[in-house]
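Asks: give the three-dimensional model of this entry:
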Amino acid sequence: MAKIITLVALFICSLLSAQNVNLTISVSGVKNNTGVVRVGLYNSQSTFLKTAFKGSSSEIKNNQVTVTFANLPAGEYAVSVFHDENNNAKLDKNIMGIPSEDYASSNNAKGFMGPPSYKDAKFSIEKDTKIKIEL
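Replies: Next comes the predicted model:
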């Protein structure tokens, strides 16, 4: 009986691990190689642009960056990126509240008089996926 339970547990674990995917994000159009590009990965509308599910930053080479998030559960996500030129870990804004550093979102989602919505930026992944974002 213990062998059967162990085999079932191993089978379930293999199924769960098979559902994990990798997401590779290529960011191009970075205006210079100063600072870093910060990438936020969001998995819900309620946390979009507030609290990232996962985050990463990468040095810029030849005005582009590639970041990979490994072993993600298959599902729905949205991505936000910005060029942190002064490397202060935040999206700088002018006195009017308008971002002074370049930023973009997945699906090239744009906001009107504000940031893009999760609905416009979201996408689903079921297998290893690559997306491109232009700053």
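
Asks: quick one, strands of this structure?
Replies: Assigned strands in the chain, in chain order: 20-28, 36-42, 54-59, 64-73, 75-84, 103-105, 123-125, 129-134 (criterion: DSSP state E).

Asks: quick one: closest of those strands to residue 90.
Replies: Nearest of the strands of the chain to residue 90, taken as C-beta to C-beta: strand 75-84 at 7.5 Å. The way it works is simple: take the backbone N, C-alpha and C, and place the C-beta from them, glycine included.

Asks: mind putting the strands of the chain into CSV with distance to residue 92, mean neighbour count and mean pLDDT?
Replies: Converted to CSV, the strands of the chain look like this (distance: least, C-beta to C-beta, whole Å; neighbours: other C-beta atoms under 10 Å; pLDDT from 0 to 100):
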stretch, distance to residue 92, mean neighbour count, mean pLDDT
strand 20-28, 18, 17, 97
strand 36-42, 12, 23, 98
strand 54-59, 15, 15, 96
strand 64-73, 18, 16, 97
strand 75-84, 8, 22, 97
strand 103-105, 10, 22, 97
strand 123-125, 27, 13, 97
strand 129-134, 19, 15, 97
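
Asks: those: which one's closest to residue 116?
Replies: strand 103-105 (4.7 Å).

Asks: make CSV out of the strands of the chain and add distance to residue 113.
Replies: Below are the strands of the chain laid out as CSV (distance: least, C-beta to C-beta, whole Å):
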stretch, distance to residue 113
strand 20-28, 25
strand 36-42, 21
strand 54-59, 26
strand 64-73, 28
strand 75-84, 17
strand 103-105, 15
strand 123-125, 24
strand 129-134, 22
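
Asks: good, wrapping up.
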